[in-house]
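Peer 1: Predicted structure and sequence below. I'll ask about it afterward.
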Amino acid sequence: MSYASTLPLSAKKIARCRSIARSIGDVVADLIHANSTFGTERAVLRLLGFNGALQKDNLLFPVSNFMVGQLSETGRLEDGALYWVANALMTEKCDVPALEQKILRGQLDLGSLPELPSKQVDKFAAKLAKDSFDRLIRYRKQRDKIRQRQGDPLKKGRPLKYVIVATGNIFEDVIQAKSAALDGADIIAVIRSTAQSLLDYVPQGTTTEGFGGTYATQANFALMRQALDELGEKEGRYIRLTNYCSGLCMSEIAVLAAIEGLDCLLNDAMYGILFRDINPRRTLIDQHFSRLICSVSGIWIMTGEDNYMKTTDAVESGDQVLASQFINEAYALNAGMKKSQMSIGHAMEMDPFYEKVILMETARAQMTRQIFPEAPLKYMCNTKYKTGDIFFSHAVDTIFNLIGSLTNQGTILLGMPTEAIHTPWLQDRTISIRGANYILNGSLGLSHELGYRSDGFMAKFAAKVLDECVELLEKIEKIGLLKAIEKRYFAGVSRTVEGGKGATGVFPVDRNHYINPFFELMGSKI
Amino acid sequence: MSYASTLPLSAKKIARCRSIARSIGDVVADLIHANSTFGTERAVLRLLGFNGALQKDNLLFPVSNFMVGQLSETGRLEDGALYWVANALMTEKCDVPALEQKILRGQLDLGSLPELPSKQVDKFAAKLAKDSFDRLIRYRKQRDKIRQRQGDPLKKGRPLKYVIVATGNIFEDVIQAKSAALDGADIIAVIRSTAQSLLDYVPQGTTTEGFGGTYATQANFALMRQALDELGEKEGRYIRLTNYCSGLCMSEIAVLAAIEGLDCLLNDAMYGILFRDINPRRTLIDQHFSRLICSVSGIWIMTGEDNYMKTTDAVESGDQVLASQFINEAYALNAGMKKSQMSIGHAMEMDPFYEKVILMETARAQMTRQIFPEAPLKYMCNTKYKTGDIFFSHAVDTIFNLIGSLTNQGTILLGMPTEAIHTPWLQDRTISIRGANYILNGSLGLSHELGYRSDGFMAKFAAKVLDECVELLEKIEKIGLLKAIEKRYFAGVSRTVEGGKGATGVFPVDRNHYINPFFELMGSKI
Amino acid sequence: MPKPVAQPDLKNLRPYGDTTNDGAVQFSFTLPVEPGPKAREAATQLVRKWGFFDVKIAHMSSAGVGYSFIVCFGRTELGVDFTQIVVPELSNEKRTYKEIDSLIAKEIKRPVKVVGACTGYDAHTVGLDAILNMKGFDGDIGLERYKNFRCVNMGSQVPTDELIDRAVKEKADAILLSKIVTQKDIHITDMQELIGKLKARGLSDRFILVAGGPRITHAMALELGFDAGFTIGTRPSDVANFIYETLRDRAKKKKG
Amino acid sequence: MPKPVAQPDLKNLRPYGDTTNDGAVQFSFTLPVEPGPKAREAATQLVRKWGFFDVKIAHMSSAGVGYSFIVCFGRTELGVDFTQIVVPELSNEKRTYKEIDSLIAKEIKRPVKVVGACTGYDAHTVGLDAILNMKGFDGDIGLERYKNFRCVNMGSQVPTDELIDRAVKEKADAILLSKIVTQKDIHITDMQELIGKLKARGLSDRFILVAGGPRITHAMALELGFDAGFTIGTRPSDVANFIYETLRDRAKKKKG
Ligand code: B12
Ligand code: B12
Ligand SMILES: Cc1ncc(COP(=O)(O)O)c(C=O)c1O
Ligand SMILES: Cc1ncc(COP(=O)(O)O)c(C=O)c1O
C-alpha cells in the first residue's frame, strides 16, 4: 500500500479542463463586448456617486434606476450612462451631488438634455471614471490597512469560520453578528431577504423587515461594517463581512460593497440563471462588471456551486460542480482577478446515511483543494439533508468541520443545528462556533499527519469526478454554455437564452459611441 | 514525507514491556498460590450451586456468605469451602439444593459437621467441581449457539456500540436497554448502584432502588438477559450484555454472569485497589479466580484503564495506561485467557480544548490498536471534560466515534450528551446511538484509506508513550507492583498492602489440605 | 418482590426520561443578561414559572455580547389526555405505483392531470420535484413516471393567478402547492391566497387541492380548505394514492 | 428611518432567539407513544399547555420500543423580573495565591488548617483534589502548595463522623465537603448530615463550612447552614480567598 499527502489526480486532465473553460469564457466575452445591461449602467452611475434615492411607493427608489430609465426611454442608453452623465455635468456645470439633486427634484431629464461634442464629453467622462476608480482604490487601501492593524485571521492559515445572520432586522443582525464574532466567527454573512435578487433596484436605507433575511442596502452595509470594525478593533481580530452579489443588481451590489468596505461577496456566473430564473445574458454580462469591481477592490468572490447539489444528488453531480468551478475561475480571470481572491465554492451535501459518506466527502474536499491550490475555497456545510434533529445535525456539522480542517479549506460555512427549522438564533450560532473552535484547534496540523492511499476508494472516487468533468466540459464546449444550460447540464435546471427575468434590461451597445472606461481601468481582459 | 498504514512503534520495546509484565505477574502468582479470600470461596460455593439467600435486615443475604462465615469461624476455611461442602454432602447424603435448604433453615453448621476421611472427601470434591465445570461449559455452548443463531455483529469487523443503562430500577432498565438495542446498540452495560463494589455480598432478587445504577443480582441479570435475547431473536442481531466484575465480590459476579449468560464483564486487576480502596491482596487474588471463570465461560473481560485518566492528566498518563494494559494482559494470560477475550480498556479523556487534541487522541488509539492487535479493545468516550453543554458534548462524542472507527477499536463506549448531568435518559441514548450509526456507516473503510506520517507529530507522540512505558515498567519491576501502587504510580492514588476494604477476607490457605480443583479445571497457569 | 415498572399514564401523558411518568424535559435558551449567579437564579425561576420542578441548570456560558446560553432540565406533571386526541389522518393504504396506475386505468379510466407549483417568493423546488420528477424520492418514483399521471411542474416563484390559470387550462384534476419558507407564516398566507382566489373565481370545488412542505400538517391543510396536507418524508406514491382515492370516492359520490 | 431594535425587557426577562423579547425556547423530550400524527398533536398540545405559543415540532422519530423522541421550539411571554432577583454572591475579589499567602501571614499570623473529604458513598475525588492538591485546577495551584495552608485530604467515601473527628483533631479552621453524585438528592442529604452531626456534637460554629460540587450553589449552601458553596469552574484561589476573608472578618468581629 502506498500513501501520499495528496490524492493522485491527473495534472493533464486538470489542465485540459482549464483550457476548455477558458474557451467557454471566450464565447461569453463576445456577448459582453456587444451588450450592456440596465444593471451594469446603474453600477456605473453608482461608481460615479449617484447613490441617492427618491421616495416611491413607500420605498426609497434609487436615483440610478431613475436615470437609466430616462436614458433608456430616449434610446440614449446605448452610448453608456457615463457618457450622458459627463454631458450633463458639462452642460449643467455642476458636480455629481448637485446633478443628483436636480434629478431627484425632477428638474432635469438626462434623456433630453442637449448634447455636447462627443470628443469633449468622452474626455471628461474618462476623467470622471478615473476619479471614481481612484476612489475605489482609496477604499481598498483603507480596508487593507484596517485588516492589517486589527490582525487578519487569514494569516493563521486555518479555515475561516463563516456564519450567517438573517433576522430580517439590521439592528438585530448587528447584535447577532457581533455576538458571533465574539464567539469566534471570522466572516459574517448577512443573508438577504427572500427574493431580493428579483428586485430590479437596490433598496435604500436601514431596514427592519425582511423574510428569511435582511435587505442588502448601502445603509445596512455601513451599519454592519461599523459594528464589526469596532468589535475587531477591540478584540484585535479583523472580522470579514460578506453579502450576496447576485440577481438583477449584481454589479450595483459590488459597487456598494466596495464603497462600504465589504470583504467578500457571494458571486456566481450562473447562480442567478439556474436558481433565480434570471435571464442568462443579463447574468453573464452583469457578473463580468461585478467581478471587475471586486477585483480592483480586493473583494473575494465566493462562487455558488454548493447550490447545484441541492437540486441534484451530490454523489452524482461532482462533475457539474467541478465544471462550474473551472468556468467561474475562467470568468474571474477574464475580469483580471487574482486566484487568491477566488473563493471557489463547494459543499458537503451528501445524504449522511450513505455508506462511506465521510470518505466520499473527504475525497471531494481534498480534490477541490488540490485543483484550486491558491483559492481560499469556500466550503459549505450540509444543509439539504438536515432534519429537525438538532443533535444529529450537530454531529454532521462536526464532521464537516473536521473535513474542512483536514483538507485545508479556506472558509468553512458553519452548519447550524437548526438548519432545517429556522434562520439561526443567537444560541444556534454559539453552539455551532463552539463546535468549530474545538475542531479547528484540536485538529491543528492534521493535514500534515495523514496521507491518502493512492489506490484507495477515495483516490478512485476523486479521479472519477475529474474524468467525468473532462467529458462534461467537452460536451459543453461543443454545444456552447447557453445550450448546455438549456439542456439541464447544471443542477438539473433548464433555462433558455431569451427566458428569465430581466431579459429586457439587456441591450446592444453602439460600439462606436458606447463608453465604459471602467473596463480598461479595472483591467478587464475582455 | 512517508506514510504507512501503521504508526512506527518499536517491536522490541513492545516485547520488552510484555516480558516485564509477565515477571510482574509471576510475583503476584505467589500471592495467589499461598492465599485465598472470602470472595473466592463464595464463588466456589456459587459454582457448586449455592445461590440461594436468607432474609436479613430486609435484604436477601446470600447463603454463600453464610456458609463462608460458618467455615471461617471454626478455622475450616483454610481447607477451602469446596472441601467442607463435599464433606457435608457425604455426611448428610443429600444433594446441593437439599444441603442449601438445611443451611438456610439453620439446621446445619458446616463449621461443626463431623469430618470424613480426607481422601474420600477430596475425591468427591473433585467430582463436584468437575460437574460444576461441565455445567459452565454447557452454559457457554448454549450462549455460543444463541449468538450464532441470532447473528453476531462482531463478525462485521466494526466497533461494537456499547451503552449503559442506569435507572436504578431493573424494570426501567429493561425498557431502556431494549430501546437502546433497537436503536442500534450492540452491548448493554447495566451500571451498578453506587458503591455496590464495597458490599461484601451480592444482593439477591430483582431490585428497583439504586443510586446512579441498579444492583447487580442474579435475578436482575436473568431478567435483562431474557429481554435482550428476545429482542435479539426478533431483530436477528445478537445483543451483548455486560456488568461490573470488581469489588469485594469479583469472582462471585463472574459466576453469576457465567450462569446467566452475560457476554462481557468490566474486570480489572487494579481498579478496585485504586478507585474503591479495596485491599490490594484481596483484589489480586479475586481477580485471578474471576478471570478463570470468564476464560472458560467465553466472557470477555473489559479492563478499566480509562479510569486512570480521570484522576491524572490524560496527555501525561499514557505510560500508566499502557503499563496497566500490559499487566492486565499478563494476568489474564495467567488465567489461561485467549487474547480475543481481552477487551483491553483505554479512553479519550483529554481536555477537548487542548491544541492538537484530536491528533493526540488518534495517535493514542492507534497505538493501542497496534500493540494489542488481537484484543477487542474497549475504547471509552470522553467523560471527565464533559460539561452541561450537551451540544458540545455531542460534538466531542462524534469525534470519539470517528477515531474509534478510524483506528478499528473493538468496542466503543458511546458518549452521552448529558454525561456531565445525569445517568442517561432514553433520548440521550437515542441521540448518542444515532450519531454513532452515522459515523460507523459513513466512515466504513476509512482505516484502509489513510496512512500515518512516519515522522509526524502523532508518530512521535505514540513513540514517547511507549518509551515512557518501558521506563515505568522497569521501575515497577524493580520495586514490585504493590510498592508501585503505594508510590502512586497509577492514577496518582496511593494504597498500602495492608490497607483498604476487605483485607480481613484474605487468608493463607493450608497448602496441604486446601483444594480448589477449579484452578486446574479452568486452566490456571498459576 | 419489587413491583414491575409503572405504565405510561395515557390520561395524563407526560415525557419520559428514565422513570415512567417522570415528565423529564430538556430545554435550551438564551437570556439577554451576562452569565453569573444572578442569571442562573433567573433561569431557574423562569423554568419554575413555566411549571417545571427539579430544575437543573446544567450549563450556562457567555454567548456573544452580553448574553447567556443556558441548557437545563426539569420535570413536569402537566400532561395531555392522549386518549382524547383525535387528528384527521390520511389513508393508511400504502400502494405501489403499479397498483395505483392500474387502479386508475381500471376505475378512473383516464389519465389524471396535476399541476404543481411553489407560489409567492418561495424558490424551494426540491420538495415538489421530489413528488413530481421522474426520479422521485427515497426510492419511490415520481408522478411523472406513472403511466396514468400527466404532470405540469411550474417550478418556483409562481404567482397564484398563473397557477390557477394553468390548472384551468390543463383541465387539471389536482393542484399541488409546495410551501417551504414559513417565516412570518408566509406559507399560511400563500395557502390562503390560493383558496381565496379560487373562491373569487368560482373554482372552489373544481380541483383536488393538495399542499406540502415541512411545516404543513394534514389537519392544518384541511382547516385552510385544502383536501390534504403532506409533510416531511412524504413519498410520491402517498400523494398519488391520495389523489386516486379522492377521485374514486368523488366519482362514487356522484353516482351514489 | 426604521427604529432600532427594542431593549431586553428586564422587568419581564424572557429568552432571546432572533428578535428581542421573543421568548424563544428549544425543548427536547420523549413521549411513551409511537410517533405519528397523533403523537405530534399530543406533543404540540403539551407544549402549548406548558404555556408556549408558536409551537413547532421540528423533529419526531421513533426511539426504542414504542417511544417518540421530539425536538421542538416554542415562544413564551412568561418571564421573570430580573430587577428583583437577589442572590447571595461570593466576594468578587480575585486574589493570587501569593497575595492570599501574604495576607494570611500579615493578618491571620498563622497557617490556616483545612480538612476536606467526599462523604457518604461519593467516590468522586477529582473536584476536591482540584482544590487541594498541589497541581490545582485550570492553571491555578492547589491549597497544598500555599505556604500558609495546611491541608488534610481524606479522600472519598468518608463517613461524616470520621470527617468531624479529624477536623476536631487537626484543630481545623475549615471543613471542605465535596458532593458530586446528586441522584435522589443524596448531596443534600449528606450535606444536612454534616450540619446535623456538628450540631449534635455542639460544634456548630466551630468550623468554616465550605461545600462544593457541580450542582451546589452558594445560595443553596447558605440555606443548608454552610458558609459558602462553590460550583463548576471553581479555582483553588477562590476558595482560599473566601477562607482567608472569613477568618479575617470573624477576627475583626471578635475584636470589634
Ligand atoms: C435547498 C434549500 C435551498 C435552495 C433551494 C433550491 C431549490 N431549487 O429548491 C436555495 C439555496 C436556493 C435556498 C435558498 C433560500 N433558502 Co433555503 N433551504 C434549503 C434547504 C437546505 C433544504 C430544503 C430541501 O430541499 N429539503 C429537501 C426536500 C425533499 O424536503 P421538503 O422540502 O420538506 O419536501 C418534502 C416534504 O415537505 C413534502 N413536500 C414538499 N413540498 C410538497 C408539495 C406537495 C404538493 C406535496 C404533496 C408534498 C411536498 O414532500 C417532500 C418529500 O418528502 C432548507 C433547510 C432544510 N434542511 O430543510 C433551507 C431552508 C428551507 N431555506 C431557508 C431560507 C430562509 C432560504 C432563503 C430565504 C435564504 C435567503 N435569505 O437567501 C433563500 C431564498 C429562497 C426562496 N426565495 O425561497 C430556510 C427557511 C426558514 C423558514 N422556516 O422559513 C431553511 C429552513 C434554512 C434555514 N434554516 O434558514 N434554499
Ligand atoms: C470522573 C468521574 C468518575 C470517576 C471518579 C474518579 C475519582 N476518583 O474522582 C469514577 C470512574 C470512579 C466514577 C464512578 C462513578 N460515577 Co462518576 N463521573 C465522573 C465524571 C466523568 C467527571 C467528574 C469530574 O471529575 N469532574 C471534574 C471536576 C474537576 O469537576 P467537579 O467535580 O465539578 O469539581 C469542580 C467544582 O464542582 C468544585 N468542587 C467540587 N468539589 C468541591 C469541593 C469543595 C470544598 C470546593 C470548594 C469546590 C468543589 O471545584 C472543582 C473544580 O472547579 C462525571 C461526569 C462529568 N463530566 O461531570 C461522572 C458522574 C459525576 N458520575 C456519575 C455516576 C453515577 C458515577 C457512578 C455512581 C456510576 C456507577 N453506578 O458506577 C460511579 C460510582 C461513584 C461513586 N461511588 O461515587 C454521575 C452522577 C450523576 C448524578 N448527577 O448523580 C456523573 C454525572 C456521570 C453520569 N452522567 O452518569 N465517576
Ligand atoms: C452565489 C449566490 N448568490 C445568491 C444567493 C442567495 O440567494 P438570493 O438569490 O435570494 O440572494 C446564494 C445562495 O446560496 C448564492 O450562492
Ligand atoms: C473495571 C471496573 N469495575 C467497576 C467499575 C464501576 O465501579 P463500581 O466499583 O462502583 O462497581 C468500573 C468503572 O468504570 C470499572 O472500570
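Peer 2: That came through fine. Ligands and ions are numbered 1, 2, ... in the order given.

Peer 1: number of nearby residues for the residue lying closest to A:Phe38 once chain neighbours are set aside?
Peer 2: Nearest residue to A:Phe38, sequence neighbours excluded (C-beta to C-beta, 6 or more residues apart in numbering or on different chains): A:Gly505, at 3.7 Å. For the C-beta atoms, the positions are set from N, CA and C on the backbone; glycine is no exception. Neighbours of A:Gly505 under the rule other C-beta atoms under 10 Å in any protein chain shown: 23.

Peer 1: Please tell me I have it right and A:Gly505 contacts A:Ser36.
Peer 2: No. The pair A:Gly505 / A:Ser36 is not scored as a contact, 9.5 Å apart, by C-beta atoms under 8 Å.

Peer 1: how close does A:Glu260 sit to ligand 3?
Peer 2: 18 Å (C-beta to the nearest ligand atom, to the nearest Å).

Peer 1: Now do the SS call for the nearest residue to that residue once chain neighbours are set aside.
Peer 2: Nearest residue to A:Glu260, sequence neighbours excluded (C-beta to C-beta, 6+ apart): A:Phe221, at 3.9 Å. Assigned by DSSP: H, G, I helix; E, B strand; the rest coil, the conformation of A:Phe221 is helix.

Peer 1: Name the residue of chain C that lies nearest to ligand 2.
Peer 2: C:Lys56 (8.6 Å; C-beta to the nearest ligand atom).

Peer 1: does the helix or strand hosting that residue come close to chain A?
Peer 2: Using DSSP states H and E, C:Lys56 falls within strand C:53-63. Yes. Strand C:53-63 reaches chain A (C-beta under 8 Å from any C-beta of the partner chain) through C:61, C:63.

Peer 1: what bridges to the closest residue to A:Trp300 other than its chain neighbours?
Peer 2: Sequence neighbours aside, A:Cys264 is the residue nearest to A:Trp300 in space, at 4.1 Å (criterion: C-beta to C-beta, 6+ apart). For A:Cys264, the beta-bridge partners are A:Thr242, A:Trp300 (DSSP bridges).

Peer 1: For A:Cys264, give its distance to A:Gln226.
Peer 2: Applying C-beta to C-beta, to the nearest Å, the value for A:Cys264 to A:Gln226 is 18 Å.

Peer 1: Repeat that for A:Met380.
Peer 2: A:Met380 is 28 Å from A:Gln226, by C-beta to C-beta.

Peer 1: quick one: which of these two has more around it?
Peer 2: Shown here are A:Met380 and A:Gln226; by other C-beta under 10 Å, A:Met380 has more neighbours (25 against 13).

Peer 1: ok so, going back, do you know how far the residue of chain C closest to ligand 2 is from chain D?
Peer 2: As judged by C-beta to the nearest C-beta, to the nearest Å, C:Lys56 and chain D stand 7 Å apart.

Peer 1: my guess is that residue contacts C:Val71, does it?
Peer 2: No. Under the criterion of C-beta under 8 Å, C:Lys56 is not in contact with C:Val71, lying 9.4 Å apart.

Peer 1: The lengthiest helix in chain C and chain D, are they touching?
Peer 2: Longest helix of chain C, by residue count under DSSP state H: helix C:236-255. No. Applying C-beta under 8 Å from any C-beta, one finds helix C:236-255 separated from chain D by no less than 13.0 Å.

Peer 1: Counting by contacts, list what that helix packs against.
Peer 2: helix C:97-103, strand C:112-118, helix C:126-132, strand C:208-212, strand C:228-230 (3 or more C-beta pairs under 8 Å, 6 or more residues apart in numbering or on different chains; DSSP states H and E).

Peer 1: what residue ranges in the chain are flagged as low confidence?
Peer 2: As the question left the chain open, I've gone with chain A. Across chain A, the ranges flagged by pLDDT under 70 are A:57-58.

Peer 1: you looked at the wrong chain, it should be chain C
Peer 2: C:1-4, C:256.

Peer 1: just the strands in it please.
Peer 2: Under the criterion DSSP state E, chain C contains strands at C:24-31, C:53-63, C:67-75, C:112-118, C:149-153, C:174-178, C:208-212, C:228-230.

Peer 1: Burial-wise, tell me which of those strands comes out on top.
Peer 2: Highest mean neighbour count among these (mean count of other C-beta atoms under 10 Å in any protein chain shown): strand C:174-178, with a mean of 27.

Peer 1: for C:Ile195, what are its contacts?
Peer 2: Taking C-beta atoms under 8 Å, 6 or more residues apart in numbering or on different chains, we find C:Ile195 in contact with C:204, C:209, C:224-226.

Peer 1: Return the distance of whichever helix in chain A runs longest from the chain's centre.
Peer 2: Among the segments of chain A that qualify as a helix by DSSP H, the longest is helix A:118-150. Offset of helix A:118-150 from its chain centre (C-alpha atoms, centre = their mean, to the nearest Å): 21 Å.

Peer 1: Only alpha carbons, please: show the strand holding C:Lys56 as PDB.
Peer 2: C-alpha atoms of strand C:53-63 as PDB (Å, rounded to 0.1, in the frame of the first residue of the first chain):
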ATOM      1  CA  PHE C  53     -39.800  21.400  39.100                       C
ATOM      2  CA  ASP C  54     -36.500  19.600  39.800                       C
ATOM      3  CA  VAL C  55     -35.000  22.400  37.600                       C
ATOM      4  CA  LYS C  56     -31.300  21.800  36.900                       C
ATOM      5  CA  ILE C  57     -29.300  24.500  35.200                       C
ATOM      6  CA  ALA C  58     -26.800  22.200  33.500                       C
ATOM      7  CA  HIS C  59     -24.900  24.700  31.600                       C
ATOM      8  CA  MET C  60     -24.600  28.500  31.400                       C
ATOM      9  CA  SER C  61     -22.000  30.200  29.300                       C
ATOM     10  CA  SER C  62     -21.400  33.500  27.800                       C
ATOM     11  CA  ALA C  63     -22.800  33.800  24.300                       C
END
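
Peer 1: Going by contacts, tell me the helices and strands next to that strand.
Peer 2: Against strand C:53-63 (3+ C-beta pairs under 8 Å, 6+ apart) you get helix A:426-442, helix C:37-49, strand C:67-75.

Peer 1: So what does A:Ile187 have for phi and psi?
Peer 2: Per-residue torsions, A:Ile187: phi -130, psi 130 (degrees, to the nearest 10).

Peer 1: what pairs with it across the strands?
Peer 2: A:Ile187 has these beta-bridge partners by DSSP bridges: A:Tyr162, A:Arg240.

Peer 1: Not counting its neighbours along the chain, what's nearest A:Met458?
Peer 2: A:Ala363 (3.8 Å).

Peer 1: In contact with the one you found, which residues are there?
Peer 2: So A:Ala363 contacts A:7, A:457-459, A:461-462 (C-beta under 8 Å, 6+ apart).

Peer 1: Helix or strand next in line after the host helix or strand of it, which one?
Peer 2: Assigned by DSSP H and E, A:Ala363 belongs to helix A:357-371. Next in sequence after helix A:357-371, counting helices and strands by DSSP H and E, comes strand A:378-380.
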